[in-house]
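Undergrad: Here is my input; please provide its structure:
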Amino acid sequence: MRAVVNYGVGDGEVELRDVCEPEIGPQDVLLTTRAAGVCGSDIEMWRHHITFPVDPPVTLGHEFGGVVAKVGAEVQGFSPGDRVVSETAYHICGVCEFCRAGEYNLCPSRRGFGARANGAFTRYVRVPARCLHHIPEGVPFEYAALTEPACVAYNALTVKSRVTPGDFVVILGPGPIGLFALQVARLCGAGKTIITGTGADGVRLKIAERLGADYVVDAERTDAVAEIERITKGRGAPLVVDAAGNSETLRQSLAVVRRNGQITKIGWGPRPVGFSLDTLLLKAAALQGSFSHTWRTWENVLRLIASGQIQMEPMITHQMPIAEWHQAFHLVEERQAAKVILYPE
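TA: A predicted model of the protein is given here:
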C-alpha cells in the first residue's frame, strides 16, 4: 500500500513509498483510513524544523478517522465496520503518575502517531483500541479527522486557561488551532474575541470572520499591539492564546496581556526568545503551556462537532488523494489552506 513517509531528518526527506500492511496485536485494531488531516507539524517534519523527537522512517498523519477492518483478540467495545476516530498517543507507559491520573498526554514515554509510530497517510493503520472513539451519527469522516486539532484548542482553553464570560480573549495566529481556539472561546462565553495574523494569512483571516471573530487584525497593515490596546481601552486581555508560537507573538502576548492575566502558549517555536520576560513579573501574569488532550476532551469535542457548536465545514479548504501530498503540504506551508484532507488510495 502507498504511504507518505518521512524517511530522514533533513529538509524535504518525505516521499510516497510502498509499505507493508501492518499486523495488529491482541489489544489493537486495524483501521481503514477514510480521511486524514494535514497538520502544521507534518510540514515541520517535512522541512525538519521540529523541536520534538521523530523516529524515521515513519508514515506521517496523526489526524484521522476511518472504519475498523479487524480487531485483536482482547479488544472490547469495537467491531469490524465501526466508524471511529483515533487519538494521537500510540504508546503510553500506563504506570507513571500522569497515566495513573488520566493525564496520559503528559506521559514521559508517550510516542505519537506520525512522528514516533506509523500514522494514517496510508490505507491501513494499526491503532491501540484505547485510542478510539466512536464517530457520532451524522458526522462525516472529514469532520471526525479534525477532532484532534479541535481537542488541542479545547484542552488549551477549557482545561489550561481561565475564560471569563463577557471579557476579551486574544488569539495570536489564525492557523487551524487558532481558529478552533476562537470557536471554543466563543463557546465559553468570551465577550469579545480578537484574532491576529499577517498578510499571508488572508484565507485564514477570512475564515476567522466567518466564524464570528469580533475583531480581525492584519499585523502587517496595523500595529497589532496598539490595536489590541485600543480595543481593550488600554487594559489588555485577561487571556491571550499564542497559537503561532514564534518569538514575535510571545513578545506581543506579554505586551497585551492584562495585569493578573494569563498567556496560554499552544504554538511551537524552535527559535530563542531573545528578549526579557520581566514584563511577566511586572504584570504578575501567568505563562501556561498546553499540550495534547485526554479521553474526556475527545468525548466532549465529538459532541460539540455533532451538535454543530464547533463548525468544521469552514475549516476544510482543500481535499485531495495522498498521491497529491506534495501539493497539500505546499498549500499549508504557504498558508493558502486552513485544513487539507487527504484520502488514501
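
Undergrad: quick one: the nearest residue in space to R2 that is not next to it in sequence and F121, what's the gap?
TA: By the measure of Cβ to Cβ, 6 or more residues apart in numbering, the closest residue to R2 outside its immediate chain neighbours is E345, 5.1 Å from it. (Each C-beta comes from the backbone N, C-alpha and C, glycine too.) For E345, the distance to F121 equals 11 Å [Cβ to Cβ, to the nearest Å].

Undergrad: what do you get for D218?
TA: Taking Cβ to Cβ as the measure, D218 falls 33 Å from F121.

Undergrad: These two: who's more crowded?
TA: Neighbour totals were compared for D218 and F121, and F121 leads with 28 against 17 (other Cβ atoms under 10 Å).

Undergrad: Could I get the pLDDT score of that one?
TA: F121 carries a pLDDT value of 98.

Undergrad: SS state for it?
TA: Of the three states, F121 takes coil according to DSSP: H, G, I helix; E, B strand; the rest coil.

Undergrad: What residues does it make contact with?
TA: By Cβ atoms under 8 Å, 6 or more residues apart in numbering, the contact set of F121 is 3-4, 33, 36, 59-61, 114, 322, 325, 342, 344.

Undergrad: Dump stretch 278-289 to PDB, keeping only the CA atoms.
TA: The C-alpha atoms that make up stretch 278-289 are tabulated as PDB, following Å, rounded to 0.1, in the frame of the first residue of the first chain:
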ATOM      1  CA  ASP A 278      10.300  40.700  33.100                       C
ATOM      2  CA  THR A 279       7.000  42.100  31.800                       C
ATOM      3  CA  LEU A 280       5.500  38.800  33.000                       C
ATOM      4  CA  LEU A 281       6.700  39.700  36.500                       C
ATOM      5  CA  LEU A 282       5.600  43.300  36.400                       C
ATOM      6  CA  LYS A 283       2.100  42.300  35.400                       C
ATOM      7  CA  ALA A 284       2.000  39.300  37.700                       C
ATOM      8  CA  ALA A 285       0.700  37.400  34.700                       C
ATOM      9  CA  ALA A 286       0.900  33.600  34.200                       C
ATOM     10  CA  LEU A 287       2.600  31.900  31.200                       C
ATOM     11  CA  GLN A 288       1.000  28.500  30.600                       C
ATOM     12  CA  GLY A 289       1.900  25.800  28.200                       C
END
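
Undergrad: Okay, domains of this structure per the record?
TA: Taking automatic domain parsing as the domain assignment, the record places the domains of the chain at 2-146+312-343, 152-289.

Undergrad: Go through those domains and name the closest to W295.
TA: Set against W295 and scored by Cβ to Cβ, those come closest in domain 2-146+312-343, at 7.3 Å.

Undergrad: How are the strands of the stretch 101-250 of the chain distributed by residue range?
TA: Counting by DSSP state E, counting those that start in this stretch, the segments of the stretch 101-250 of the chain that form strands are 111-112, 124-128, 132-134, 168-172, 192-197, 215-218, 237-242.

Undergrad: most neighbours per residue, which of these?
TA: Neighbour counts averaged per stretch over the strands of the stretch 101-250 of the chain are highest for strand 168-172, at a mean of 29; criterion: mean count of other Cβ atoms under 10 Å.
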